[in-house]
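Visitor: With the sequence up front, the predicted model follows.
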Amino acid sequence: MCPDLLTEREKREISNGAMYLTGRIQTADKQNGNGRVYPYDVLNREMKNYKKIVDDNRACGELDHPDDSVVNLKNVSHIITDVWWEGKDVMGKIKVLDTPSGRTLKELIKAGVKLGISSRGLGSVRESAGQTVVENDFQLICFDIVSEPSTPNAFVYPKDYKADPIRMREHKENKIDNLFDKILRD
């Protein structure tokens, strides 16, 4: 089962106006737009720690990166509901919250604005072979919605179970099967 599929509860929430987003949220071992490289072992450790926060329903993020190292609840726009690895990419499922910042985020998405996601964390870096490598003291704080993500192709997209790519593929396969059945019957 693909971990980004919506649960039955989430499908009901969407039918009642909720919005979920999904996409790549971070990448290991690849230089990002800020010139930083997050080594897999460092990022994997932090994602294991972050998964505990996700599972505890506390993985909130803000709209834009503030200068603060604390997530300010008055500015929260979304909550990460699931994270998983696909190769060297960290993927995530995000619920847009019904907060002032969340409503702004929802309207931006509805208007077709392409938005990214970016990690916020603390730690040191070192220069190595022309790259800025994130050190082992890195601590992941959260993931914020941004206009320009530093992680390559870290954009988030609405997750509508009616337009789910897997469901669309299954529907297409069913149409093809039905067409073959019709041809063979004729």
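Guide: Done, it's in. Residues are numbered from 1 along each chain as shown.
Visitor: make it CA atoms for all contacts and neighbour counts henceforth
Guide: Fine.
Visitor: now the longest strand along the chain: mean pLDDT?
Guide: For the chain, the longest strand by residue count, based on DSSP state E, is strand 76-86. The pLDDT scores in strand 76-86 average 97.
Visitor: could I have it exported to CSV, CA atoms only?
Guide: Presented in CSV, the C-alpha positions along strand 76-86 are these (Å, rounded to 0.1, in the frame of the first residue of the first chain):
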residue,chain,number,x,y,z
VAL,A,76,0.5,27.6,12.3
SER,A,77,-1.0,26.8,8.9
HIS,A,78,-0.7,23.1,8.6
ILE,A,79,0.2,19.8,10.4
ILE,A,80,2.2,17.0,8.9
THR,A,81,0.2,13.8,9.2
ASP,A,82,2.6,11.3,7.7
VAL,A,83,6.2,11.1,6.5
TRP,A,84,8.0,8.3,4.6
TRP,A,85,11.1,7.6,2.5
GLU,A,86,11.1,7.0,-1.2
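Visitor: Each with direction, which strands does the helix or strand just after it pair with?
Guide: Next helix or strand after strand 76-86 toward the C-terminus (DSSP states H and E): strand 89-96. Using DSSP bridges, strand 89-96 pairs in its sheet with strand 19-27 (antiparallel), strand 76-86 (antiparallel).
Visitor: Can I get the ones you listed in a markdown table including mean neighbour count and distance to Thr104?
Guide: Formatted as a markdown table, the strands paired with strand 89-96 follow (neighbours: other C-alpha atoms under 10 Å; distance: least, C-alpha to C-alpha, whole Å):
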| stretch | mean neighbour count | distance to Thr104 |
| --- | --- | --- |
| strand 19-27 | 24 | 12 |
| strand 76-86 | 21 | 8 |
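Visitor: And these: which comes nearest Val133?
Guide: Set against Val133 and scored by C-alpha to C-alpha, those come closest in strand 19-27, at 13.0 Å.
Visitor: Let's have the strands paired with strand 89-96 in TSV, adding distance to Gly112.
Guide: As requested, those are exported to TSV (distance: least, C-alpha to C-alpha, whole Å):
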stretch	distance to Gly112
strand 19-27	13
strand 76-86	17
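Visitor: And these: which comes nearest Tyr157?
Guide: Nearest to Tyr157 among the strands paired with strand 89-96 is strand 19-27; the distance by C-alpha to C-alpha comes to 5.0 Å.
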